[in-house]
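Engineer: make a model of this:
(one chain, ligands or ions: 1)
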Amino acid sequence: MSVPIAIFRLFSYQPCGHELLLRVRRPAASNADQGALDAADDFVDSATESLRTCWERRHLQHECLHQHTSSLVAEMQEEPVGEELFHSGPRQFGVWVARTKYGAPWMVLGTASTEAEFWQQVQDDSDLLDLGPQAPAELHHVHFLTDEDGRSSLSHG
Ligand SMILES: [Zn+2]
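Structural biologist: Next up, the predicted model:
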């Protein structure tokens with residue numbers, strides 16, 4: 001069995017640069033069962049999609065009158081640096097984003113008070129080092145939302 005893991009996806013909204021970071025839990029599935037693995041991936045995609053459209057409708061459209069187009073700018077399937085991304089949303093904060101050797105959209109994400117502190121924590125994590133993270137990290141100010149957050153709380157994010 002694969003274990004349940006948290007999938008992080010960061011979306012950017014043009015033309016303004018709003019950023020939405022979503023965390024969705026990927027269910028466990030048997031590695032020998034391609035159907036179950038595909039179903040787990042489909043679950044992540046549809047949960048992400050539903051959170052994203054809900055946030056756009058309940059939050060973004062009230063905050064900003066522009067017409068937006070969104071694109072996926074980062075994805076991570078490892079445990080991030082810092083504590084913030086383990087908690088639920090909806091919240092707003094700064095997240096460090098570093099490219100990896102795997103290219104877009106694969107990034108290393110995390111919270112830390114400085115970039116130096118971010119890299120220090122990356123250095124201590126062999127799973128993150130395996131991704132081949134590349135300096136510099138960029139600070140992104142994101143809206144953070146997870147699949148644990150009730151729909152009623154979305155309008156306050
Ligand atoms: Zn906007």
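
Engineer: could you use CA atoms for every contact and neighbour count after this?
Structural biologist: Fine.

Engineer: how far away is the residue of the chain positioned farthest from its centre from Asp38?
Structural biologist: Farthest-out residue of the chain from its mean C-alpha position, per Cα atoms, centre = their mean: Ala32, at 27.1 Å. Note on Ala32: its distance to Asp38, by Cα to Cα, to the nearest Å, is 11 Å.

Engineer: and what of Gln134?
Structural biologist: 30 Å.

Engineer: next: Asp125.
Structural biologist: 29 Å.

Engineer: same check, this time on Leu20
Structural biologist: Taking Cα to Cα, one finds Leu20 at 25 Å from Asp38.

Engineer: the two: which has the busier surroundings?
Structural biologist: Of the pair Leu20 and Asp38, Leu20 is the one with more neighbours under other Cα atoms under 10 Å, namely 23 against 12.

Engineer: these two touch, right, that one and His140?
Structural biologist: No. The pair Leu20 / His140 is not scored as a contact, 9.8 Å apart, by Cα atoms under 8 Å.

Engineer: close to the ion, is the lengthiest strand in the chain?
Structural biologist: Assignment by DSSP state E gives strand 134-146 as the longest strand of the chain. No. Strand 134-146 stays clear of the ion (Cα under 5 Å from the ion), getting no nearer than 12.9 Å.

Engineer: write out the residues of the chain neighbouring the ion.
Structural biologist: Close to the ion, as judged by Cα under 5 Å from the ion, the chain has residues Cys16, Cys64.
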